[in-house]
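Participant: can you look at this prediction? I've put the sequence above it.
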Amino acid sequence: MESLADTLWDVVICGTGLQQSLLALALSRSDKKVLHIDPNDFYGGAEAAFSLQEVESWVEKVETGKEGLFEAASVKKLGGDTGLSFPRAYSLALAPQLIHARSTLLSQLVSSRAYRQVEFLAVGSFSIFKPSPDSSQKPTLVRIPSTREDVFSTTAISAKAKRGLMKFLKFVLDYDITPQTDTWQPHADAPLTEFLLKEFKMDQELQTYIITLTLSLDGKINTRDGLAVIHRHLSSMGMYGPGFAALYPKWGGLSEIAQVSCRAGAVGGAVYMLGTGVKTMNDKDDPIVIELSSGDTIKTRKVVRANESATDRFGINRLVAVVGSSLKSLFESTVEGAPKPAVAIVAFPAGSLSTATGEASTSPVYLSVHSSDTGECPANQSVLYFTTGSEHASQDLLQQALDSFPAALSGDTVPQCLYKLQYKQLQSSAHSQANGSIFDFAPPASALAFDDSILQSVQDAWKMVLGDEAVEEEYLTFADREGAMDDDESV
Amino acid sequence: MADSGAPKPSSSVKLVLLGEAAVGKSSLVLRFVNNDFQENKEPTIGAAFLTQKCNLPTRTIKFEIWDTAGQERFASLAPMYYRNAQAALVVYDLTKPTSLIKAKHWVAELQRQASPGIVIALVGNKLDLTNDSAGGDGEGAGVGDGEDARKVTTEEAKSYAEEEGLLFFETSAKTGYNVTEVFTAIANAIPETSLKTARGPGASSAAARTEEQRVNLNGPRDPNAKEGCAC
């Protein structure tokens, strides 16, 4: 077999995060010589999914500063080993992002035929956690009405509020044309909450519903971005079936898409080396000379890598908990004919939680509950992914959310927490950019929903690698591979 | 293995290939797949996976055969490769002892990564390079008398396979000897209980439930769902 050093590579892709993996997919029919390496011994980078064993070694690496974008990681098994299944029965996602039905990512996975190897599940209800008004009552979960039918049937809000909400939903559907644009553009940079109050006379509760649908980490999203996100949500509703607006890939979310994309790269001839990074790189020469951590010295025309230096110290905090209950009440289909959802979203609005010192929370906490149908935990367990953009006492707030949540569940037995992983993911304001023969991807965004903007960076990188050979119309548009046509499948 | 007769229950089985480079993994599959198609199809480079039906007396098994696509070369196979595989073909070259060591490594890896009920077949390939009459009976086979290239005895590999509970075969992808038998044996060894549905890669007993949950990205879409009319 040809040695690595004997080949003049067209591109070395470093890292197997979603962006690099999608690039590998995009190049998989290009006849380019692709060497795809990752210093990690797992696929997915910041979007990876881990067994419990892998979580442990990842936490160790974070603690020794070897995972630049992450810090303050810790893991805890509660109640000893009882209750937990074997380590490989779990697939905990570092970035459990939901994907809106209208996302270009989905249409690209379809046009590239990579979707055939991914199982997509429905994201069900979005709910708000309402704390108990006094100690004699339990907190509750209120489902956010986000379709016209929902608004009609909900008993959670008054008739007047329903009219306001209905008016707003109608407005958002055509928000980007006149005369709607005249209404919101003067408020474009102001907080969405202000706009909702001024133009739609929404009270704080309704504002909270709308803000939750934006999944804004600090709750302070501006009117321009907020309307765009709500529009994405509403226009995604029903696209792939009744009753849901977003999807989630089984077995760990984006990690699965990264793996499937890398396999497509390998099928197309790319060479894969995990556990191998760039030790030294001489980019003054053409071709670029790289010494790999494996000891091999290789030559390549182009390099695509991730900028993993966090330039900003702020970030998001996460708490991942495995609980010993299937939390059935959260995963009921609400619309006839809807697929059974595997993911439910719960928002703890600002003010609904308080820290140990009694201060009310100033940012929302989001909870993404994954049933065992996601393949991320065994049956009769669930995975709870808590996220907050709060900088202040954030792990304390996440813990509060975890502690308060069970009381709001109707009918379910109070779940026992079996396992807890906590970490902080740092952000960066760096942009993706090409510099001569080197392309740097910006660090992945840590939003709760997949943001299509990274797809443009992937396409830019693809263009850099292919140069004049790039035909934009053919980007990620492939025929099925030999043998992939399945006569039992409806195509 | 011709497709004929009354329709029988049909099930999809994901089968993964493992083994050192150049032991003949892909050749075995191409032999198996091409024999059935009866078309002189050229081997395809870059196949995502190949499918082939195997007709048993009471049912039809449709193999979805996944090649490593070279990701095994630097031990870089992804969890998704093993996921839901119901069968695995671990191949070694019986003229190369190190390839059996590698095969044992893959068996251990499968026991660690794959579903507990996976059916594993250990296959010693390149029987045509030995003096065994069985393997050398095809045209163009063999390297001539007295030049037996076999380095791994049948007994050694067989006793290992028995210890680990693996199916065991010696084959020649070149002559076709024993190739169909391997796949038929695997098909027969897959427990009926894990064959409830005929859909999708990695269909399992939970598949019926999965089916009602899975969102089809390519299916008919709600015509009313344009730009949010559902709301």
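Facilitator: Here it is on my side, so go on.

Participant: please make it C-alpha for all contacts and neighbour counts, starting now.
Facilitator: Noted.

Participant: show me where chain B has helices.
Facilitator: Across chain B, reading from the start of the chain, the helices by DSSP state H fall at B:25-37, B:79-82, B:97-113, B:154-164, B:179-189, B:207-213.

Participant: pick out the shakiest of these, pLDDT-wise.
Facilitator: Looking over the helices of chain B, mean pLDDT reaches its minimum on helix B:207-213, with a mean of 57.

Participant: now stretch B:17-28, how far from the chain's geometric center?
Facilitator: Using C-alpha atoms, centre = their mean, to the nearest Å, we find the averaged C-alpha position of stretch B:17-28 to lie 10 Å away from the chain's own average C-alpha position.

Participant: in it, which residues are buried?
Facilitator: If you call a residue buried by 16 or more other C-alpha atoms under 10 Å in any protein chain shown, then stretch B:17-28 has these buried ones: B:17-21, B:23-28.

Participant: try stretch A:382-396
Facilitator: Neighbour-count burial for stretch A:382-396, with 16+ other C-alpha under 10 Å as criterion, is recorded at A:382-390, A:394-395.

Participant: residues of the stretch 301-450 of chain A that sit close to chain B?
Facilitator: Residues of the stretch 301-450 of chain A lying close to chain B by C-alpha under 8 Å from any C-alpha of the partner chain are A:339-341, A:373.

Participant: neighbour-wise, which one of these leads?
Facilitator: Each of these was scored by neighbours using other C-alpha atoms under 10 Å in any protein chain shown; the highest score is residue A:341's, at 27 neighbours.

Participant: please name every helix or strand in contact with the strand or helix carrying residue A:291.
Facilitator: In this structure, residue A:291 is located in strand A:288-292 according to DSSP states H and E. Counting by 3 or more C-alpha pairs under 8 Å, 6 or more residues apart in numbering or on different chains; DSSP states H and E, the packing neighbours recorded for strand A:288-292 are strand A:278-282, strand A:297-306.

Participant: after the longest one, next one along is what?
Facilitator: Read that as strand A:297-306. Downstream of strand A:297-306, the next assigned helix or strand under DSSP H and E is strand A:315-323.

Participant: mind listing the strands for chain B?
Facilitator: Counting by DSSP state E, chain B has these strands, from start to end: B:10-19, B:49-55, B:60-66, B:87-93, B:119-125, B:167-170.

Participant: got CSV for those strands, with distance to chain A too?
Facilitator: Conversion of these to CSV gives the following (distance: least, C-alpha to the nearest C-alpha, whole Å):
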stretch, distance to chain A
strand B:10-19, 10
strand B:49-55, 4
strand B:60-66, 9
strand B:87-93, 16
strand B:119-125, 19
strand B:167-170, 25
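
Participant: pick the most deeply packed of the ones you listed.
Facilitator: strand B:87-93 (a mean of 28; mean count of other C-alpha atoms under 10 Å in any protein chain shown).

Participant: direction included, what does that one pair against?
Facilitator: Strand pairing for strand B:87-93, determined by DSSP bridges: strand B:10-19 (parallel), strand B:119-125 (parallel).

Participant: please enumerate residues in contact with it?
Facilitator: The contact list for strand B:87-93 (C-alpha atoms under 8 Å, 6 or more residues apart in numbering or on different chains) reads B:13-20, B:23-25, B:99-100, B:102-103, B:106-107, B:118-126, B:186, B:190.

Participant: mind running it again at 6 Å?
Facilitator: Strand B:87-93 has contacts (C-alpha atoms under 6 Å, 6 or more residues apart in numbering or on different chains) with B:15-19, B:23, B:99-100, B:118-125.

Participant: and what of stretch A:75-92?
Facilitator: A:49-53, A:252, A:376-378, A:418-421.

Participant: you'd agree residue A:420 is in a strand?
Facilitator: Yes. Note on residue A:420: a strand contains this position according to DSSP: H, G, I helix; E, B strand; the rest coil.

Participant: what is the neighbour count of it?
Facilitator: The local packing of residue A:420 (other C-alpha under 10 Å) involves 18 other residues.

Participant: which residue, other than its chain neighbours, is closest to it?
Facilitator: In space, and not counting its chain neighbours, residue A:420 is closest to residue A:321: 4.5 Å by C-alpha to C-alpha, 6 or more residues apart in numbering or on different chains.

Participant: correct me, but the one you found touches residue A:387?
Facilitator: No. Applying C-alpha atoms under 6 Å, one finds residue A:321 not in contact with residue A:387, separated by 11.5 Å.

Participant: sorry, back to before: a markdown table for the residues of the stretch 301-450 of chain A next to chain B, including secondary structure and pLDDT?
Facilitator: Formatted as a markdown table, those follow (DSSP: H, G, I helix; E, B strand; the rest coil; pLDDT from 0 to 100):
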| residue | secondary structure | pLDDT |
| --- | --- | --- |
| A:339 | coil | 90 |
| A:340 | coil | 92 |
| A:341 | coil | 94 |
| A:373 | helix | 96 |
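
Participant: pLDDT weak spots in chain B?
Facilitator: B:1-6, B:35-47, B:133-146, B:196-212, B:219-231 (pLDDT under 70).

Participant: enumerate the residues of the stretch 51-200 of chain A near chain B.
Facilitator: Among all residues of the stretch 51-200 of chain A, those adjacent to chain B (criterion: C-alpha under 6 Å from any C-alpha of the partner chain) are A:120-121, A:147-148.

Participant: so which of the helices and strands packed on strand A:288-292 is the most packed in?
Facilitator: Highest mean neighbour count among the helices and strands packed on strand A:288-292 (mean count of other C-alpha under 10 Å): strand A:297-306, with a mean of 22.

Participant: quick one: it to chain centroid distance?
Facilitator: Centroid separation for strand A:297-306 versus its chain: 28 Å, with C-alpha atoms, centre = their mean.

Participant: output the contacting helices and strands for that strand.
Facilitator: Helices and strands in packing contact with strand A:297-306 are listed as strand A:8-14, strand A:288-292, strand A:438-441; criterion 3 or more C-alpha pairs under 6 Å, 6 or more residues apart in numbering or on different chains; DSSP states H and E.

Participant: average model confidence for the second one?
Facilitator: Translated: strand A:288-292. 96.

Participant: which residues sit against it?
Facilitator: If you take C-alpha under 6 Å, 6+ apart as the criterion, strand A:288-292 is touched by A:277-282, A:297-301.

Participant: closest one of those to residue A:332?
Facilitator: The shortest separation between residue A:332 and any of the contacts of strand A:288-292 is 45.2 Å, and it belongs to residue A:277 (by C-alpha to C-alpha).

Participant: the closest one touches residue A:41, doesn't it?
Facilitator: No. Using C-alpha under 6 Å as the test, residue A:277 is too far from residue A:41 to be in contact (10.2 Å).

Participant: the one helix or strand residue A:345 maps to: what's the following helix or strand?
Facilitator: When secondary structure is defined using DSSP H and E, the element that contains residue A:345 is strand A:343-348. Sequence-wise, the next helix or strand beyond strand A:343-348 is strand A:365-371, with elements assigned using DSSP H and E.

Participant: tell me what that next one is packed against?
Facilitator: For strand A:365-371, the packing partners by 3+ C-alpha pairs under 6 Å, 6+ apart come out as strand A:343-348, strand A:382-388.

Participant: count the residues that sit near residue A:286.
Facilitator: 12.

Participant: which residue packs closest to it, ignoring adjacent ones?
Facilitator: With sequence-adjacent residues excluded and distances taken as C-alpha to C-alpha, 6+ apart, residue A:286 is closest to residue A:301, at 6.8 Å.

Participant: I'd guessed that neighbour sits against residue A:10; true?
Facilitator: Yes. Using C-alpha under 6 Å, residue A:301 is in contact with residue A:10, at 5.0 Å.

Participant: which residue is nearest the middle of chain A?
Facilitator: Centroid-nearest residue in chain A: residue A:97, 1.8 Å away (criterion: C-alpha atoms, centre = their mean).
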